[in-house]
Structure formats: structure tokens, C-alpha cells
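Peer 1: Coordinates for the following, if possible.
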Amino acid sequence: MILDTTYLLPMVGIEIEPDILKACLDSRTTFSIDDVKLSLISIFELQAKAAKLGVKAERVSKGVRVIFQVFDAVEFYRPDIIGTSFELRGKLLTT
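Peer 2: A predicted model of the protein is given here:
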């Protein structure tokens, strides 16, 4: 499971509903934290959103460090990821 950027926001102090990571840690999901991955592009998006909302840089830096300690980051530029995204785009455009 690749986690959307939105669900990483609580890790830098931005409250969201529902907090899927907290639910996962509280065993209220059908997947475990070990199943969760994230795209490297999400880190950029997270930083941009936090800056826009005025979150302090120190808080964001700490959150990003923890994110990299906890989750496997998937490079968005990997050939298999690019191929899958193109395939999905094609399917979405034809439906």
C-alpha cells in the first residue's frame, strides 16, 4: 500500500480526519504499519503543505526524519512505477 501525502500530515503536526496512521497503530485497520510505503514525491508535497500552513521548519524536519525511519520510500521515477502509472492513466482515460 502506498500512502497518499495527506495521511502523512499528522507527522508534521497538521491534524486531519481520519488519521489512518493512528488507526493503523491502534490495530483498527486491516493492514499493518509494515505494509505502508510512500512515494518520495510525498515528502516534497508534505513540506510544501506544511510551509503553506506555517508549520515551523524544525517540526517538519523532525517529522521527515521519522517518516524515513518508519516507512519504505518508493522512488517515483522507477521504470516499473512509471510504467504502472502510464497504464493506469490509459485505463482511467478510456472509462
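Peer 1: residue ranges of the strands in this structure, please?
Peer 2: Taking DSSP state E, the strands of the chain run over residues 2-3, 37-39, 72-74.
Peer 1: Need the winner for burial among these.
Peer 2: Of all the strands of the chain, strand 37-39 has the most neighbours on average by mean count of other Cβ atoms under 10 Å, namely a mean of 18. Every C-beta, even on glycine, is put in place using the N, C-alpha and C of the backbone.
Peer 1: For Ile41, which residues are in contact?
Peer 2: Thr5, Phe76 (Cβ atoms under 8 Å, 6 or more residues apart in numbering).
Peer 1: switch to 7 Å and redo it
Peer 2: The contact partners of Ile41, by Cβ atoms under 7 Å, 6 or more residues apart in numbering, come to Phe76.
Peer 1: Kindly report the same for Asp26.
Peer 2: Contacts for Asp26 (Cβ under 7 Å, 6+ apart) come out as none.
Peer 1: Tell me how far it lies from Met11.
Peer 2: With the distance defined as Cβ to Cβ, to the nearest Å, Asp26 ends up 16 Å from Met11.
Peer 1: Glu87 too?
Peer 2: Taking Cβ to Cβ, one finds Glu87 at 31 Å from Met11.
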